[in-house]
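S.K.: Mind folding the following:
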Amino acid sequence: MGFKKKGLVIGVSGGIDSAVALTLAVQELGKDNVYGLLIPEKESAPSSTSLGAEICESLEISYEEVSISPILESLDIYDKKEQIIKRTCPEYDPRIHKTSLVLPDFLNQGLLNVPYIQLIKDGEAIAKYRLKANDYLELIGLQNVKQRSRMLVQYMCAEKMNYAVCGTTNKTELALGQFVKYGDGGVDIEPLADCYKTQIYALAKLLNVDEAIIQRPPSADTWSHFTSDEDFYWRMPIHVMDQLLYAQEHRLSVEVIEKNTELSRETIHKAQRHIDRMRNTTTYVRAAPPICYLGR
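M.R.: Residues are numbered from 1 along each chain as shown. This next block holds a predicted model:
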């Protein structure tokens, strides 16, 4: 490897991106040079760990599970998060409710970009409360500690083994800034960064990834109720988002986009503004830290 490392460490989430990255790494480097890490916390979906373990075992690689809950508890992340939810949602009771963070569906509600806390009881959404801007920013900051803690564990393991850390960010996520700086974005290599999310699905089929992983909705898996990227970040089906991103990249005409997405011209123009706004607000996430020279 160019890094002069012995192999790769990969955080295995039970999702399609990590499954594809893991399978490709094993094909390229061999099962003895790839190490899997399951990094759950108490709000993770149980399927994240079970599906992650299953793919590690099917590929016959060594792996271990390291919970980051103690790290998060030591930083008071769960309690701070509960305080925000309680002042936002008067009826919230952590003993009976699960929560998720959602945004309005773009195709039905357009450019309206207001975040809501959703309460779920017995698997059913029972209430939705609009978040204040300051509360939203604080929640995002608290949630991002989870991604950064996972990366801390990956580097601790990688440096012990003299391995490099392999990322799982795809081209869709990279274009939209859909990753956490110094979290899942803080890796040594990104093998999927030139593949749109829909291409990752095609790769998964080609690589015979478990159908249960392919069918699982993509998610950062940081809320007590499983929240898909479509519900929170994309705000539209992924095949539509990827068509729009591909069209921008290759300067396709609006007529071609209409045919491929079956969206109206007005909706396409609004969607393109939505994408541009996401790109602009996440420019700092993709940028390298600027070098500042201190003069006299």
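
S.K.: CA only for contacts and neighbour counts going forward, please
M.R.: OK.

S.K.: pLDDT wise, what is Leu107 at?
M.R.: Looking at Leu107, its pLDDT is 71.

S.K.: quick one: it and Pro237 touch, right?
M.R.: No. Taking Cα atoms under 8 Å as the definition, Leu107 is not a contact partner of Pro237, at 9.1 Å.

S.K.: Only C-alpha atoms, please: export stretch 115-123 in PDB.
M.R.: Extracted in PDB, the C-alpha atoms of stretch 115-123 (Å, rounded to 0.1, in the frame of the first residue of the first chain):
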ATOM      1  CA  PRO A 115     -36.200  20.600  11.000                       C
ATOM      2  CA  TYR A 116     -38.600  18.700  13.300                       C
ATOM      3  CA  ILE A 117     -38.200  16.300  16.200                       C
ATOM      4  CA  GLN A 118     -40.500  13.300  15.700                       C
ATOM      5  CA  LEU A 119     -41.800  11.200  18.500                       C
ATOM      6  CA  ILE A 120     -42.400   7.500  17.900                       C
ATOM      7  CA  LYS A 121     -44.400   5.200  20.200                       C
ATOM      8  CA  ASP A 122     -44.700   1.500  19.500                       C
ATOM      9  CA  GLY A 123     -43.300   2.000  16.000                       C
END
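
S.K.: got the buried residues for it?
M.R.: 115-120 (16 or more other Cα atoms under 10 Å).

S.K.: Just send these back as TSV, with distance to Ser74 and pLDDT too.
M.R.: Below are the buried residues of stretch 115-123 laid out as TSV (distance: Cα to Cα, whole Å; pLDDT from 0 to 100):
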residue	distance to Ser74	pLDDT
Pro115	28	90
Tyr116	27	91
Ile117	25	93
Gln118	26	92
Leu119	26	95
Ile120	27	93
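
S.K.: Go through these and name the one nearest Gln248.
M.R.: The nearest member of the buried residues of stretch 115-123 to Gln248, counting by Cα to Cα, is Pro115 at 26.4 Å.

S.K.: Look up how far Ile77 lies from Tyr293.
M.R.: 36 Å (Cα to Cα, to the nearest Å).

S.K.: okay, those two: which has more neighbours?
M.R.: Ile77 (18 against 6; other Cα atoms under 10 Å).

S.K.: Leaving out sequence neighbours, find the closest residue to the more buried one.
M.R.: Take Ile77 and drop its neighbours on the chain: the residue closest to it by Cα to Cα, 6 or more residues apart in numbering is Leu142, 6.0 Å away.

S.K.: Surely the one you found is within a strand?
M.R.: No. The assignment for Leu142, made by DSSP: H, G, I helix; E, B strand; the rest coil, is helix rather than a strand.

S.K.: State the pLDDT value of it.
M.R.: For Leu142, pLDDT reads 95.

S.K.: Output the below-cut-off pLDDT ranges for the chain.
M.R.: Along the chain, segments meeting pLDDT under 70 span 1-2, 108-112, 294-296.

S.K.: Try it again at 50.
M.R.: 296 (pLDDT under 50).

S.K.: and the residue most central in space within the chain, helix, strand or coil?
M.R.: Nearest residue to the geometric centre of the chain (Cα atoms, centre = their mean): Ala220, 3.9 Å. Using three-state DSSP, the structure places Ala220 in coil.

S.K.: check contacts around it.
M.R.: 227-229 (Cα atoms under 8 Å, 6 or more residues apart in numbering).

S.K.: Which members of those residues are positioned in helices?
M.R.: Asp229 (DSSP state H).

S.K.: just the contacts of Ala220 now: which is nearest Asn170?
M.R.: Asp229 (13.2 Å).

S.K.: can you pull out the helices in the chain?
M.R.: 16-29, 46-58, 69-74, 77-88, 106-109, 133-161, 171-176, 197-206, 211-215, 229, 238-250, 254-261, 265-281, 283-286.
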